[in-house]
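K.L.:
here is a sequence with its predicted model. Questions after.
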Amino acid sequence: MTRTTLRRIPAYVFLSVAVVLSVFPLYFMAVSATNTSNDVVASKLLPGGHLVENFQTLVSSQPLWSASYHSAVNAIATTVLALILCSIAGYAFEIYHSRAKDSVMAFLLLAIMIPFAATMIPLFRLFADLGMVNSTLAVILPLVATPFLILLFRQASRSFPHEIIEAARLDGLGEVSIFARIYLPTMKPTLAAAGVITFLFSWNNFLWPKVILVDNAYQTLPMLLSNMRAGYVTDYGSLMLAVLIVSVPTMVVFLALQRHFAEGVTGAIK
């Protein structure tokens, strides 16, 4: 055994422990979804045969399909609108020249430092005055133009060659065509990174929907998980199955776009 191999052993041990600690919660969640509530409380680590029973209990006791529908609509609509608006803003900040551009960007940087929870009361009063409480739009709109995504697109646009835009203008292309046909195709990694970030945040968003949605008919999946723990008796088998169902879309989206996500974040940092 060489010295180089000996030096790598601590790193391999550390990585192995990190992998186990990362994977074990997912394993326990998947196993618990197949066990009874008593087995989950007893921390049984082997799969059981109660998956179908837990699913039937979940569907019969909770509005799973309605919550899934509202979560999907909120996440997809928020992601699409955020990509459109923030990419336009990032493009405008980098391509067009204005004396106020740096001041506005400094304001956006300050806005990133303000936690979303601190803005919920003003937002709630705003949507209440507009008569939009307990509506899907009230859940979506606060997340479609976040300062972080605008900054992400602005930083990624720094490497975009301005000469191409000038040449396109000389060829007679309008600003919309330049943005859609030239700029956006070069921003695919950034679009993927921004899309993953926005989708995950919107899908897992709990606090704001809990505040703005008064009627449980509009509840999302995170709200459903909270309501399952609100009773006197909790069926942990069904609860862990619900957690598994909520987690699957986020894992699929991230695994499908992880390469583009890494490229987008790396390109924005340069």
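P.N.:
Yes, it's here.
K.L.:
got the phi and psi for Met187?
P.N.:
Note on Met187: backbone dihedrals following degrees, to the nearest 10 are phi -100, psi 20.
K.L.:
so who does the most centrally placed residue in the chain touch?
P.N.:
The residue lying closest to the centre of the chain (CA atoms, centre = their mean) is Leu200, at 1.7 Å. Taking CB atoms under 8 Å, 6 or more residues apart in numbering, we find Leu200 in contact with 250, 253-254. Placement of C-beta: from N, CA and C, glycine included.
K.L.:
swap the cut-off to 6 Å and go again
P.N.:
Thr250 (CB atoms under 6 Å, 6 or more residues apart in numbering).
K.L.:
now do Ala138
P.N.:
With CB under 6 Å, 6+ apart, Ala138 has these contacts: 127, 132, 212.
K.L.:
quick one on the thing from earlier: and the gap between the residue nearest to the centre of the chain and Ala89?
P.N.:
21 Å (CB to CB, to the nearest Å).
K.L.:
what kind of secondary structure is Pro47 in?
P.N.:
Per DSSP: H, G, I helix; E, B strand; the rest coil, the local secondary structure of Pro47 is coil.
K.L.:
if we can go back for a sec, per-residue pLDDT of the residue nearest to the centre of the chain, please?
P.N.:
For Leu200, the pLDDT comes out at 93.
K.L.:
flag every buried residue along stretch 216-226.
P.N.:
218-225 (16 or more other CB atoms under 10 Å).
K.L.:
where does the residue nearest to the centre of the chain sit, in terms of helix or strand?
P.N.:
Assigned by DSSP states H and E, Leu200 belongs to helix 188-204.
K.L.:
can you list the buried residues in that helix?
P.N.:
189-203.
K.L.:
could you give the average pLDDT over the helix or strand just after it?
P.N.:
Following helix 188-204 in sequence order, the next helix or strand is helix 207-212 (DSSP H and E). Averaging pLDDT along helix 207-212 gives 92.
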